[in-house]
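Engineer: Show me the folded form of this:
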Amino acid sequence: MLTSLTIAESITRFGDRGFIWFAPLVSLLLVAAIVVLIVLLVRSRNRLAAVAQNVSASDAGRAAEATLGERFAQGDIDEVEYRARLEVLRANRPTPPNA
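Structural biologist: Below you'll find the predicted structure:
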């Protein structure tokens, strides 16, 4: 209510000249708000993509270890080869961003 009174007062005091200063200010604030929203949306989308990429890499590492364990259980590889490959898998595992 106070803003509408201030606007009405400036229009009546200065005629149409009061509105001339008010319209560009509102337009500038509206454009700034839109730019801020776009920046926030892009940043949140990038963060979600990074998290999804880390989760999929982690799942891929677990799947590789499971496959290696199955090959060892079936007798396709011996214990020495199993342990060597498992060590390589765990050494190359991507670290999570919060670690």
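
Engineer: what's the neighbour count on Ile80?
Structural biologist: Careful, residue 80 is Val; it's not Ile. For Val80, the tally of surrounding residues (other CB atoms under 10 Å) stands at 8. Heads up, the C-betas are built off the backbone N, CA and C, glycines and all.

Engineer: Quick one: residues in contact with whatever helix or strand it lives in.
Structural biologist: Secondary structure assignment for Val80, by DSSP states H and E: helix 79-91. Contacts of helix 79-91 with the rest of the structure, by CB atoms under 8 Å, 6 or more residues apart in numbering, involve 61, 64-65, 68-69, 71-72, 77.

Engineer: Quick check: buried residues in it?
Structural biologist: Neighbour-count burial for helix 79-91 flags 82, 85 (criterion: 16 or more other CB atoms under 10 Å).

Engineer: what's whichever strand or helix holds Gln53 packed up against?
Structural biologist: For Gln53, the element it lies in under DSSP H and E is helix 17-74. Packing partners of helix 17-74 (3 or more CB pairs under 8 Å, 6 or more residues apart in numbering; DSSP states H and E): helix 2-14, helix 79-91.

Engineer: By pLDDT, give me the weakest of the contacts of helix 79-91.
Structural biologist: Across the contacts of helix 79-91, no position has a lower pLDDT than Gly61, which has 77.
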